[in-house]
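Participant: what's the 3D shape of this:
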Amino acid sequence: MFRLLIALQSQSPAGLGGAGTAPSGLMPSHRSNLLADTLLQAGPVVKLVLLLLILLSVFCWGIILYKYLMLGRADRNSKAFMTFFSNASSLMEVYHASKNIPPNPLLEVFESGYLELSRLLSSRSSPGREEQAPASLRAGGVENVSRAMQKAKSRTATQMEKYLTFLATTGSTAPFIGLFGTVWGIMTAFHSIGTTGSANLATVAPGIAEALIATAVGLFAAIPAVVAYNFFLQRIRVHSKDMENFSTDLLNLIERQLHKAG
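Facilitator: Presented below is the predicted three-dimensional model:
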């Protein structure tokens with residue numbers, strides 16, 4: 001008996017160590033592979049739904065990054081142009097210097113209005129001499145310049161709104177795509193119950209897991225898209241308002257010059 005106890009005592013560290021360390025070694029890997037195992041065990045329909053949602057999310061994040069950089073650059077360039085415009089002595093000076101100014105929404109509006117004014121002046125007066133414009137130019141010339149700038153504002157706003165419809169579409173449809181995967185996963189769970197005749201956890205767990213993952217991925221794709229759409233739409237409205245105010249100020253400046261010339 002004494003020899004048996006000694007033998008067990010000598011073998012117990014290895015045996016107890018193996019039995020004690022196995023759960024602690026398996027638990028982290030089990031937790032880390034839970035999502036991957038669920039995705040791999042999902043049915044083809046749920047996998048297709050998840051792939052579609054992941055692609056939508058990737059495209060949305062690409063658009064978000066692109067629009068954020070584009071609108072930020074437009075903000076900086078517009079402020080720089082407005083500072084230069086306020087300190088310029090004439091419209092001709094601004095136009096000649098605009099070739100070295102980075103593109104921005106206000107510059108687009110100014111160039112369209114100034115080119116239209118130059119065409120009117122060249123047909124009724126000497127080119128580039130706004131102060132010698134005849135009185136007849138004041139009747140319809142300002143309206144032509146206003147229409148030209150309005151067209152530039154619409155074109156620029158449309159360009160800034162590019163790809164926003166994709167964000168809006170993703171934000172409105174991704175939850176329903178995820179819901180379709182959820183419904184399909186629940187149908188799979190009920191089908192497993194009917195096939196096996198058992199409603200234990202092992203039978204329904206795969207289908208329920210598919211349903212929950214489809215819901216989570218759908219929300220993950222939709223929420224950033226909706227937030228980014230509203231954020232960028234608000235910033236574009238600010239740019240549109242700035243273009244509207246700038247075109248009004250430019251028209252007032254042109255009218256004052258024409259009245260002085262007349």
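
Participant: Same question for stretch 56-69: list its buried residues.
Facilitator: Buried residues in stretch 56-69, counting neighbours by 16 or more other C-beta atoms under 10 Å, are found at 56, 57, 59, 60, 63, 64, 67. For glycine as for every other residue, the C-beta is placed from the backbone atoms N, C-alpha and C.

Participant: Now render those as JSON lines, adding pLDDT.
Facilitator: As requested, the buried residues of stretch 56-69 are exported to JSON lines (pLDDT from 0 to 100):
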{"residue": "56", "pLDDT": "94"}
{"residue": "57", "pLDDT": "94"}
{"residue": "59", "pLDDT": "96"}
{"residue": "60", "pLDDT": "96"}
{"residue": "63", "pLDDT": "96"}
{"residue": "64", "pLDDT": "96"}
{"residue": "67", "pLDDT": "96"}
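
Participant: Using CSV, lay out the residues you listed together with distance to residue 226 and secondary structure.
Facilitator: CSV is the format used below for the buried residues of stretch 56-69 (distance: C-beta to C-beta, whole Å; DSSP: H, G, I helix; E, B strand; the rest coil):
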residue, distance to residue 226, secondary structure
56, 13, helix
57, 13, helix
59, 15, helix
60, 10, helix
63, 13, helix
64, 11, helix
67, 14, helix
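
Participant: ok, of those, which one's closest to residue 184?
Facilitator: Closest approach between the buried residues of stretch 56-69 and residue 184, by C-beta to C-beta: residue 56, at 17.7 Å.

Participant: residues in contact with the closest one?
Facilitator: The contact partners of residue 56, by C-beta atoms under 8 Å, 6 or more residues apart in numbering, come to 170, 174, 177, 221, 225.

Participant: Just the ones of those residues in helices?
Facilitator: When DSSP state H is applied, those are split such that 170, 174, 177, 221, 225 fall in helices.

Participant: Spatially nearest residue to the first one, not counting backbone neighbours?
Facilitator: Distances taken as C-beta to C-beta, 6 or more residues apart in numbering place residue 225 nearest to residue 170, at 4.2 Å, with adjacent residues excluded.

Participant: Assess the claim that the one you found and residue 174 are in contact.
Facilitator: Yes: here residue 225 reaches residue 174: they are 6.9 Å apart, a contact under C-beta atoms under 8 Å.

Participant: quick revisit: may I see the contacts of residue 56 organised as JSON lines, with distance to residue 107 and pLDDT added?
Facilitator: Shown next, in JSON lines, are the contacts of residue 56 (distance: C-beta to C-beta, whole Å; pLDDT from 0 to 100):
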{"residue": "170", "distance to residue 107": "32", "pLDDT": "95"}
{"residue": "174", "distance to residue 107": "37", "pLDDT": "93"}
{"residue": "177", "distance to residue 107": "41", "pLDDT": "91"}
{"residue": "221", "distance to residue 107": "36", "pLDDT": "93"}
{"residue": "225", "distance to residue 107": "31", "pLDDT": "96"}
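
Participant: and those residues, which two are the farthest apart?
Facilitator: 177 and 225 (12.3 Å).

Participant: Between these two, which has more neighbouring residues?
Facilitator: residue 225 (27 against 20; other C-beta atoms under 10 Å).

Participant: Tell me how far that one lies from residue 142.
Facilitator: Per C-beta to C-beta, to the nearest Å, residue 225 is found 43 Å from residue 142.

Participant: related to what we said a few turns ago, from the contacts of residue 56, pick the one nearest residue 248.
Facilitator: Of all the contacts of residue 56, residue 248 sits closest to residue 225, with 34.6 Å by C-beta to C-beta.

Participant: List the contacts of the closest one.
Facilitator: 56, 60, 167, 168, 170, 171, 174.

Participant: can you do 6 Å?
Facilitator: Contact analysis of residue 225 by C-beta atoms under 6 Å, 6 or more residues apart in numbering lists 60, 167, 170, 171.

Participant: With residue 236 instead?
Facilitator: Counted by C-beta under 6 Å, 6+ apart, residue 236 has contacts 160, 161.

Participant: Kindly recompute the last result at 10 Å.
Facilitator: Counting by C-beta atoms under 10 Å, 6 or more residues apart in numbering, residue 236 makes contact with 67, 71, 74, 105, 156, 157, 159, 160, 161, 164.
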